[in-house]
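Novice: The following comprises the amino acid sequence and a computationally predicted model.
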Amino acid sequence: MIHNRQLFSSPSSSVSPLPRHLGGGASHSVLKAPRRAYSLSEAYGYCEKMVQTRHDSLPVASRYLPEHKRHHVFAVYAFARAADDFADEPEFQGQRQSALSDWEDELIRTFHGESDHPIFGALRNTIEQCDLPITLFSDLLAGFRMDLAPRTFTTFEELRTYTRYVSEPLGELIVRVFGHKEPARLAFARDLSAGWQLVSFMQNLGRDLLRGRVYLPIEDLHHFGVLPEGTRTAPASAHLLGASARAWRDLLRFEVARARALLERGRPLLDQVGGELRFELLLTYYSGQALLDRIESLGDEILRGRPTLSRTDRARVLARAAAKQVPQLYFRRTEEVVE
């Protein structure tokens, strides 16, 4: 399950509109996309349409991304979005493993210049232009395979191992798209991505329980009394749904603090990247903090609805990000003039 954090819709980009014969890019048709030689415009258009038509749009694809990078971001996310759907969405029930295996085969063919799928046609160009390693894409697929069977995480370290596969490679890929390869910056990107993944775990808690999943450590559920000591039960059991409001409130306060800590561990990245990426990361950081405020205020009500940011909340996030971005751009331009 990859995190979903796009808060600011993206307008039509410079990529040509998606041709009708590509089938609209819906997730159920991804594996059946016609195989032929696609132009880069067609391939990137397919990726953009596929990402933008999802009901739970992906992160780091807002209207504020520069045109010359946005299509690369869409290519990376189209690959991840499709693979995540194979692992999660009902229409792939009974063929999840084979779909992920086919997707991995396409990835390998892409690195050999052989794939004729539109997503991989775009991805091949992005990989070459941005010098992206295959290991990060393989790690994502390994993470999605972890979702093929309901599971629990006994400790936070087990949960963090999961995020190291299912979400952190995505954060690193986006930073690499913008030309950043320094180990420290990549580590910051992984922490930011992990923090956002924890936000998403809590945001989707009620929905995931219905699927028999809970992305919170069992040790925390025991500690705060949400799950009785000694009980190792299916996540969707009555033990969790029947816990007291105070137990859930205490648990979520702790989990929110942990997510904030990870966002803070990654925060130095915001001051180490250029303005093209920095503003997007500022939006990501502040929207994450705003969602955590909302989650903490809900307590056990989070089991009965998915918290989102209102239009007012989004406006505040945008204002906070702009307040941080504009001074930096001013001083940077001033320094350039002085030099």
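Specialist: Noted; the coordinates are in hand. Numbers count the residues shown, from 1 in each chain.
Novice: Tell me how many other residues surround Asp271.
Specialist: Counted with other C-beta atoms under 10 Å, the burial measure for Asp271 works out to 11 neighbours. C-beta: built from backbone N, CA, C; applies to glycine.
Novice: who touches it in this structure?
Specialist: Arg278 (C-beta atoms under 8 Å, 6 or more residues apart in numbering).
Novice: got a pLDDT number for it?
Specialist: Taken from the predicted model, the pLDDT recorded for Asp271 is 93.
Novice: cool, and the one 5 residues further on?
Specialist: You'll see Glu276 listed with a pLDDT of 82.
Novice: Tell me how far it lies from Pro66.
Specialist: 5 Å (C-beta to C-beta, to the nearest Å).
Novice: Now the element after the lowest-mean-pLDDT helix or strand in the chain, going C-ward?
Specialist: Considering only helices and strands, the least confidently modelled element of the chain by mean pLDDT, DSSP states H and E is helix 238-241, at a mean of 65. Of the helices and strands lying after helix 238-241 in sequence (DSSP states H and E), the nearest is helix 245-266.
Novice: For that following helix, C-alpha coordinates in PDB please.
Specialist: What follows is the C-alpha trace of helix 245-266 in PDB, where atoms were taken according to Å, rounded to 0.1, in the frame of the first residue of the first chain:
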ATOM      1  CA  ALA A 245     -12.000   5.600  23.200                       C
ATOM      2  CA  ARG A 246      -9.300   6.600  25.700                       C
ATOM      3  CA  ALA A 247      -7.100   3.600  24.700                       C
ATOM      4  CA  TRP A 248      -7.400   4.700  21.100                       C
ATOM      5  CA  ARG A 249      -6.700   8.300  21.900                       C
ATOM      6  CA  ASP A 250      -3.500   7.400  23.800                       C
ATOM      7  CA  LEU A 251      -2.400   5.100  21.100                       C
ATOM      8  CA  LEU A 252      -2.900   7.600  18.300                       C
ATOM      9  CA  ARG A 253      -1.200  10.400  20.300                       C
ATOM     10  CA  PHE A 254       1.900   8.100  20.500                       C
ATOM     11  CA  GLU A 255       1.700   7.100  16.800                       C
ATOM     12  CA  VAL A 256       1.300  10.700  15.700                       C
ATOM     13  CA  ALA A 257       4.400  11.700  17.700                       C
ATOM     14  CA  ARG A 258       6.300   8.900  16.000                       C
ATOM     15  CA  ALA A 259       5.200  10.100  12.500                       C
ATOM     16  CA  ARG A 260       6.100  13.700  13.400                       C
ATOM     17  CA  ALA A 261       9.600  12.500  14.500                       C
ATOM     18  CA  LEU A 262      10.200  10.900  11.100                       C
ATOM     19  CA  LEU A 263       9.000  13.900   9.200                       C
ATOM     20  CA  GLU A 264      11.400  16.000  11.300                       C
ATOM     21  CA  ARG A 265      14.300  13.600  10.600                       C
ATOM     22  CA  GLY A 266      13.800  14.200   7.000                       C
END
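Novice: What's the mean pLDDT across it?
Specialist: Throughout helix 245-266, pLDDT has a mean value of 96.
Novice: hmm, who's touching it?
Specialist: The set of residues that contact helix 245-266 without belonging to it, under C-beta under 8 Å, 6+ apart, is 156, 188-196, 198-199, 202, 216, 220-221, 224-226, 285, 288-289, 292, 295-296, 298-300, 302-303.
Novice: Am I right that Pro307 sits in a strand?
Specialist: No: assessed with DSSP: H, G, I helix; E, B strand; the rest coil, Pro307 is coil; it does not lie in a strand.
Novice: With Leu205 as the reference, measure out to it.
Specialist: On the measure of C-beta to C-beta, Pro307 and Leu205 end up 9 Å apart.
Novice: So these two - more neighbours on which side?
Specialist: Set side by side, Pro307 and Leu205 show unequal neighbour counts under other C-beta under 10 Å, the larger going to Leu205 at 25 against 20.
Novice: contacting residues around that one?
Specialist: Shown here is Leu205, whose contacts under the criterion C-beta under 8 Å, 6+ apart are Val214, Tyr215, Leu216, Ile302, Leu303.
Novice: Quick one: low-confidence residue ranges for the stretch 51-200 of the chain.
Specialist: When the per-residue scores of the stretch 51-200 of the chain are filtered using pLDDT under 70, the ranges that remain are 54-62.
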